[in-house]
Structure formats: structure tokens, C-alpha cells
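Q: build me a model from this:
(chains A and B)
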2 protein chains.
Amino acid sequence: MAELRHDLLRQRWVIISDKRGKRPSDFKKVSSQNRDEFDSGPCAFCPGHENENGHEIYAVRDGDEDDAPDWHLRVIENKYPAVSPSFDELLPSGEGTVYGACRLAGFGSHEVIVETPSHHLSLPELPSSHVAEVLKAYQARINHFQNDSRFKFCQVYKNRGNRAGASMSHSHSQLIALPVVSHNIQAELRGAQEYYDKHDKQCILCDVVRHETQVNRIRLIDENEHFITLSPYAPMFPYETWLVPKNHSSNFETVGEAEILSMAEMLKLTLRKLDVAFGYPPYNYTLQTAPLGKEHLNSAHFHWYLDILPHLSSPGGFELGSGCYINPIVPEEAAKFLRNIEVQQL
Amino acid sequence: MAELRHDLLRQRWVIISDKRGKRPSDFKKVSSQNRDEFDSGPCAFCPGHENENGHEIYAVRDGDEDDAPDWHLRVIENKYPAVSPSFDELLPSGEGTVYGACRLAGFGSHEVIVETPSHHLSLPELPSSHVAEVLKAYQARINHFQNDSRFKFCQVYKNRGNRAGASMSHSHSQLIALPVVSHNIQAELRGAQEYYDKHDKQCILCDVVRHETQVNRIRLIDENEHFITLSPYAPMFPYETWLVPKNHSSNFETVGEAEILSMAEMLKLTLRKLDVAFGYPPYNYTLQTAPLGKEHLNSAHFHWYLDILPHLSSPGGFELGSGCYINPIVPEEAAKFLRNIEVQQL
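A: Predicted coordinates:
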């Protein structure tokens, strides 16, 4: 039975279409050779190649010398940045009436978080404490932009595998900070506000966490002290997974040390499950957190989460034109499948 | 110089980032073997295989017998439909407060337009008169849904090539009609209405056509009696091209015979240019026309267009998370490049 499901937070319809009869094994075939990507190297992100990269912004290392090869994790400027850190021409400028005020100079910051010196390890193969350092690097950078009023928005994301947009196989994530707020996060802020107003000042994701853990656990995948993972009610992609803090929090960068370690353990488990289930598939994750600025700090209606999106199918013209996604995997079935994947401790 | 450009119609920011230094020849490599896909066959869309497909809905053929192999063009039910034409369970049903009224049965129609009996020809290799028949088939189907009040929205689209979401290489397009309006077209309706209200009742795309043909022709690619093609001001994809009617029209399905032939010629030219420039690349096109229903007929602010989207790069986590696209090709350069591509008459 096909269904149309509406995502109240993201404000979009999804077509859940199990008529297409896809099974997990159909996807495993698509992506079975992806582990090979890690077997080349060394590359420009490996220790000893520091001078091939952009400027070092942040690092966790043994010594205290910038650009030395004794690092465990580095944040560097993207050598091919989508935006520029110079602030020369921020004034809006247009072209005639029809494009008036539609153009800004491409000010922003585009950074790469090189997650490990090891070319051959993927993020979930690192110790939890190391994954926690990666998350703390995200926090440090977002906190940096919180202190610079020129920035309004910061998107942290990871592209893993060529089909998910990665040009380097060495484990890394990225962030782009911009002087404008993206329309996706604007839509989520609106969705969260509408729910809050309609439901007696309840946060939508607090209600989701309560529903999925206490009322009906059919979309719950895993749970630990501070986090749950779940298949969202209206997922855009097969096996899309949300990692959600149990306690209300609008701003990822304010999360404390204990929660970050708990999140690292949950992220590691979730990504390992995808690797085991689908043979090191390409995937993205995106951190959906409040925009920068005091007006969004400690929002009562917005609740941050990490959206993990395996690339097991290719969206086409329908998705591009309409913005609606067709998902051949019922999320309740996806959750059951992922819940039962067993992973070995690494 | 990177730029942030805002699309007033689609209401989204795009990062135009020529710092990444991409040239047309960088993309040609990616897609050079795509023509080979056409050399397999025959397939289920070929004449003589009619009984392997879903029910025939519409056809242009020599005789008058349904499912006979004497057709030039057929519209058939998708054998693996994303939605179902049965209307049994349309009433909203939810699950608890948090998902209340977020679910509809997957009612809709998912159809395939098999554009030609020839397995080896792509759409722009057909005569203009035949391409016009394909466009008239789109019109006939949209007009059909206009007469059925259960449908609110119809997305016509084409996936060409595996990377653009196509599972069959035989030239075809598709449509999905739904009982809900997609949020992308809702955003475009809002964008068009806001522009109309702010600019003394001018239609945004009428102003774009005027600007691009009379004020500054730097984004204009081609022009004929009734249509122009242009690189949009804030394109999401490299070499994205809009095919726009010169005269105001909100509803594609009401366009007359002379305009359809003019559109067919322009579409053929545009797709041929992409094939010549990028070696038969994967692409999508999507028809952005008014939603179904009398309230949207002859809208003064919305103006339909065909959005042609070559798949020359892979969007990643930044695009999925933020909804903003990074485009490494400045649209004014893309237009210049495409304007100068010479194609031979077929």
C-alpha cells in the first residue's frame, strides 16, 4: 500500500511506495565496492602533506606547532572554497528591477574537518573518544561563528563516497558558514513554530522522542542515555536515520561533554550499521541546528538533530521539480531492519 | 569571485563559485560513455512488447487498436507505480498527536510517456513534429487531470540516463499526478505572487524575458518566435537551462498548436546542444506549470517554464541539509558557452 506522508517539521510530502518491492539486498548490490575507495593513498589529507592544504584553523595534536604532522584531527580551510572569507563587497547589488538586491558577494567560510590522520579508517572505525573530538571540533567552529555577527548560518555536513559528493576518500567532514539563513532551516523553524503554537507549547521533536520511545517504538532503531536514533515518519531516502537528543536543545554547539560522548557512541553505532548492512555505502549526514545569532539561542520550539542519509538510490526529475521524494522503503520496515543489524566492537 | 544569488521565484539561495575553476571539458569526461546506453535493446518499451507494460492510456498510432504495435508514441501506466490509482482510503489518518493528519493513502497516477518506438533514438533526434506530439501528450494528460477534482497537482518530468534516475534507456518521460500540491510549486507560487505585488502587477518571468531579450542578453542562449532559452540568474546546476514562453501563460496545457511546434523546435535544439557539448550526459527536465484546479487557471503572476537540469556533478550533504546549491559555473559563462554550440540538423 503506497502512502503520502507529510513531514510537519520539514513541511514536505514524501511518497512511501513499497509497491516497488525493494529489499535491503537490492541496495547492497549497488554499493558493494565502496570500501575499495579507502585503499588508495597517501593523499593531501595525510600527515606530512600539511603544506598541500589550506590554512589550519583548529587542531587536536600532541605538540603545539601549527601545521606539524603530530595531529589527531585538523580543521583547515577548503583549498577550493565555495565561498570566500573576505568581506569586501557584502552590500547587495543587483541588475535591473528583476534581479534587484538578489546578489551578495560570496562571503563565507568553507572548512574541512580532517577527522583522522589514518587514510584507511572511516569515522565509525575510530574510537568513540576520537569521534567525540570530531563533534567537539564542530562545536568549536560553530561557537566561533556565533561570536562573529557577519555570519547568520552554519551548515555542518559529511559527504562519504563519490556518489554522495565526496572528492577525497580520506575521512573528513565540512562546514560552510554564510551571511544568510538557508531556506531549508527557515522551513524547519516555521514547521517547529507552527507545531509549538498548535500543541500547547510542545516542541515537535520532544513529542517525537516521547512517542517513539514510550507510545509506539516501531520507528526506534537504538537508544542510549542521551540519544535515540529513529527512522523519521516521512523519510526522503531509504534508511534515512535521525539522531536526536532526548533532552530539548536547539543549539548543538551548547551540548555538554557527557552528551557529546554519548552522541559519539550513537553515531559510531549507526554508521557502522550502515557499513555492515550495505557494504560501505555512500552517505551524507547533515547537522540541522538553529541558525546563528542570539535570537535563535535556547529556542523552545526548535530541536537540533543529525540527519543521516544513505545514497542507495538516485533522485530524479520528480524530486527536483516537485521537491517531494519517492521512498521505496517503509520507515517502520527500515527501522526494524536497522535495529536488528549486529555490529562487532572495533 | 564567488557570489550568493537569490532566486526570487524559487525562493532559495545559490552559491555561484567560479573559484573552483571548472571548465566545460571537465564535465565532458564524466559523461563520455553515456551514448552506449542506447545500444542495448529491444526492451519492454519497444513495439511488440506492449503486453509487458501497464495499461495503455493514450497513443498516437496508425490504426485504432489499443496495445497494437503500430504506435508512434504511447502513454502507459508505470508498471512499478509510486502511487496507486485506487481511491479507497483518501481520508487522512495519523498516529497519535505528533503525526496526526499527516498520512494519506498513496492515491495518484504514475504514467510513462514512451516517446518513440525506436529504441536507439533520443528525444532530440526525433523530428520536431514528433517532439511536438510528445508535448501534446503531456497536455492531453494534464487536461485529463484538470477534469478530475481529486487531483491537485501534476508533475511532468524526464529522467535521461542512469545517474539522472532513469531505469530504462528507451526514450521516455513520466508524470505523477497527486491529490496534494508539492511544496516546490507552492514556493514558486508565493515567489511569483510576492514579485507581482511588489512590482505593480508585473509577472516575474515576463520581466525576466524582457530583461534577457531587451536589456541585457548575457544569459540568453537561444530565441525563436514563441520561446527563449536562458541560463537562470541563480541556477542550481551547471548549465541548467530554462525554456520559457515569451508570452505570459500560467498553464502549459492551454498552449496552442503553433506555440507547441515552436517549443518542440527549441527543446530539440537545447537537448541537442547538451548532447554535443557533454557527450550525451544524464539530465532531467521538469515542467513547472500551475497546479490543477480552476483557481490557478490563467494566473496573472505565475508563468510556466521547462527546467532542464544536466547531471554533471553530484549534490552532497550541503545541498541536502541547507537546500542551497553550490554551482561552479557562472550562469553568464554557461549561456555564452551554450549559445555558441553548433548543432547539425538531424
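Q: in which helix or strand does the closest residue to residue A:77 other than its chain neighbours reside?
A: Spatial nearest neighbour of residue A:77, excluding adjacent residues (Cβ to Cβ, 6 or more residues apart in numbering or on different chains): residue A:54 at 3.1 Å. The way it works is simple: take the backbone N, C-alpha and C, and place the C-beta from them, glycine included. Using DSSP states H and E, residue A:54 sits within no helix or strand.
Q: what's the answer for residue A:320, then?
A: Short version, using DSSP H and E: residue A:320 is in helix A:317-322.
Q: alongside chain B, which residues does the stretch 201-346 of chain A contribute?
A: Listed as neighbours of chain B in the stretch 201-346 of chain A under the rule Cβ under 8 Å from any Cβ of the partner chain: A:204, A:207-208, A:211, A:215-216, A:233-234, A:284-288, A:307, A:309, A:314-324, A:326.
Q: so of those residues, which ones are in helices?
A: A:204, A:207-208, A:317-322 (DSSP state H).
Q: in CSV: these, plus neighbour count and pLDDT.
A: As requested, these are arranged in CSV below (neighbours: other Cβ atoms under 10 Å in any protein chain shown; pLDDT from 0 to 100):
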residue, neighbour count, pLDDT
A:204, 22, 96
A:207, 20, 96
A:208, 25, 96
A:317, 26, 96
A:318, 25, 97
A:319, 22, 96
A:320, 24, 96
A:321, 25, 96
A:322, 25, 96
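Q: let me know the closest of these to residue B:343.
A: residue A:317 (22.9 Å; Cβ to Cβ).
Q: could you verify my assumption that residue A:9 touches residue A:189?
A: No - here residue A:9 does not reach residue A:189: they are 9.6 Å apart, not a contact under Cβ atoms under 8 Å.
Q: show me which of these two is the more surrounded one.
A: residue A:9 (24 against 19; other Cβ atoms under 10 Å in any protein chain shown).
Q: all strands of chain A, in order?
A: Remark: strands assigned in chain A by DSSP state E are A:3-7, A:12-16, A:56-61, A:71-77, A:103-105, A:109-114, A:153-160, A:172-178, A:220-223, A:227-230, A:241-245, A:283-288, A:305-310, A:325-327.
Q: which one of those strands has the poorest average confidence?
A: Mean pLDDT is lowest for strand A:103-105 among the strands of chain A, at a mean of 79.
Q: which other helices and strands does that one contact?
A: Judged by 3 or more Cβ pairs under 8 Å, 6 or more residues apart in numbering or on different chains; DSSP states H and E, the packing partners of strand A:103-105 are strand B:3-7.
Q: returning to what we had before: give me the helices and strands touching the helix holding residue A:320, please.
A: Checked by 3+ Cβ pairs under 8 Å, 6+ apart, helix A:317-322 has strand A:325-327, strand B:153-160, strand B:172-178, helix B:183-198, strand B:283-288, strand B:305-310 packed alongside it.
Q: got the contact list for it?
A: Here helix A:317-322 makes contact (Cβ atoms under 8 Å, 6 or more residues apart in numbering or on different chains) with A:324-326, B:82, B:153, B:155, B:157-159, B:164-165, B:174, B:176, B:182-185, B:284-288, B:307, B:309.
Q: tell me how far it is from the chain's mean position?
A: On the basis of Cα atoms, centre = their mean, to the nearest Å, helix A:317-322 sits 22 Å off its chain's mean C-alpha point.
Q: likewise stretch A:283-292?
A: Here the centre of stretch A:283-292 is set off from its chain's centre by 5 Å, with Cα atoms, centre = their mean.
Q: any idea how far apart the tips of that stretch sit?
A: With Cα to Cα, to the nearest Å applied, stretch A:283-292 spans 26 Å between its terminal residues.
Q: could I get the buried residue list for it?
A: Going by neighbour count (16 or more other Cβ atoms under 10 Å in any protein chain shown), the buried part of stretch A:283-292 is A:283-292.
Q: give me the number of residues near residue A:44?
A: Counted with other Cβ under 10 Å, residue A:44 comes out at 15.
Q: what does the one 3 residues further on give?
A: Applying other Cβ under 10 Å, we find 16 residues neighbouring residue A:47.
Q: the residue nearest to it when sequence neighbours are not counted and chain B, how far apart?
A: Closest residue to residue A:47 apart from its sequence neighbours, by Cβ to Cβ, 6+ apart: residue A:69 at 3.9 Å. Between residue A:69 and chain B the computed distance is 27 Å (Cβ to the nearest Cβ, to the nearest Å).
Q: let's see the pLDDT reported for residue A:69.
A: Residue A:69 is given a pLDDT of 92.
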